[in-house]
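my questions concern the predicted model and sequence given below.
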Amino acid sequence: MAFHSKRYRGLHEKVKTKDPVSLTDAIKQLKAFNTTKFDQTVEVSTNLGIDPRQSDQNVRGSVGLPNGIGKSVRVAVFAQGENAEKATAAGADIVGGDDLAQRIKGGFMDFDVALATPDMMGVVGPLGRVLGPRGLMPSPRAGTVTTDIATAVREFKAGKIEFRNDKGGNVAAPVGKLSFSEAQLQENITTFLNHLKSVKPAAAKGTYIRSVTISATMSPGIRVLA
């Protein structure tokens with residue numbers, strides 16, 4: 001059984017209802033939980049009506065949030081030649097090819113997003129066992145394998161996020177900081193949920209978004225009307 005601190009239990013008692021509430025009301029409640037000395041990350045968690053065992057029902061993608069996520073994003077890029085120069089000029093933190101792959105095989109993981117140009121997938125492919133479990137494997141479906149590497153770097157540095165479902169059919173993503181205004185959080189969360197709806201697999205039947213919960217790093221979750 002999970003252990004929660006006295007502070008967490010106190011906040012949990014302040015959650016007005018276990019029933020879903022409007023996003024506006026949920027954000028107001030969440031903002032009231034801002035009692036830590038650090039700026040907590042706000043996350044949206046959803047449970048989807050998909051069968052993760054079926055490849056045609058898996059959900060993966062990326063979306064740019066209008067207000068960013070409130071943190072510096074470290075971007076690693078697999079590219080060579082002119083594309084490597086473009087990635088560096090666009091603000092990539094690490095750019096390389098075989099040399100970067102060898103560093104990652106040796107344990108280097110000091111980045112939040114990995115991008116690649118299509119011609120580098122021969123180098124990136126063998127890293128699947130390392131990057132895959134961490135959700136960092138470049139993929140065309142997620143927009144992290146692209147010919148327009150400069151644009152991709154700028155978008156992810158500006159707050160574009162990547163998401164994918166887990167084995168239970170859940171998708172979770174950071175959508176900002178608790179210091180964001182209510183309007184900024186509402187805009188980011190709405191953008192994420194609308195995009196999630198737009199990538200519903202054709203093979204998924206019945207209710208697609210079964211539940212939505214928002215929470216902060218050290219706060220209880222608040223259920224939102226899906």
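Everything's here; your move. Because the structure is a prediction, the values reported are computed rather than measured.

residues near T207, how many?
Residues within reach of T207, counting by other Cβ atoms under 10 Å, total 11. C-beta here means a position set from N, CA and C on the backbone, and glycine is covered the same way.

mind checking pLDDT for the spatially closest residue to T24 that is not a sequence neighbour?
On the basis of Cβ to Cβ, 6 or more residues apart in numbering, the spatially nearest residue to T24 that is not a chain neighbour turns out to be Q186, at 6.6 Å. Turning to Q186, the model gives it a pLDDT of 98.

hmm, Q186 is touching D25, no?
No: contact between Q186 and D25 fails when scored by Cβ atoms under 8 Å: they sit 10.9 Å apart.

these two: which is more packed in?
The neighbour count for Q186 versus D25, taken as other Cβ under 10 Å, is higher for Q186 (18 against 15).

from G168, how far out is the more buried one?
As judged by Cβ to Cβ, to the nearest Å, Q186 and G168 stand 27 Å apart.

next one: phi and psi at the residue nearest to T24?
Listed backbone geometry of Q186 is phi -60, psi -40, with angles given as degrees, to the nearest 10.

now do the contacts for it.
Q186 sits next to 23-24, 27 when contact means Cβ atoms under 8 Å, 6 or more residues apart in numbering.

now the residues you listed as a markdown table including neighbour count, distance to F78 and pLDDT?
As requested, the contacts of Q186 are exported to a markdown table (neighbours: other Cβ atoms under 10 Å; distance: Cβ to Cβ, whole Å; pLDDT from 0 to 100):
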| residue | neighbour count | distance to F78 | pLDDT |
| --- | --- | --- | --- |
| L23 | 20 | 38 | 97 |
| T24 | 12 | 42 | 96 |
| I27 | 24 | 38 | 96 |
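
nearest spatial neighbour of A204, skipping sequence neighbours?
I50 (4.8 Å).

count of residues packed around the one you found?
Residues lying near I50 (other Cβ under 10 Å) number 23.

cool, and P140?
11.

look up how far T213 lies from it.
From P140 over to T213 the distance is 30 Å, taken as Cβ to Cβ.

now K86, what's its secondary structure?
K86 falls in the helix class when you classify it by DSSP: H, G, I helix; E, B strand; the rest coil.

what's the spacing between the closest residue to A158 other than its chain neighbours and E187?
Leaving aside its sequence neighbours, A158 sits nearest to G68 (Cβ to Cβ, 6+ apart; 6.1 Å). Here the distance between G68 and E187 works out to 11 Å (Cβ to Cβ).

and for I222?
The gap separating I222 from E187 is 18 Å, by Cβ to Cβ.
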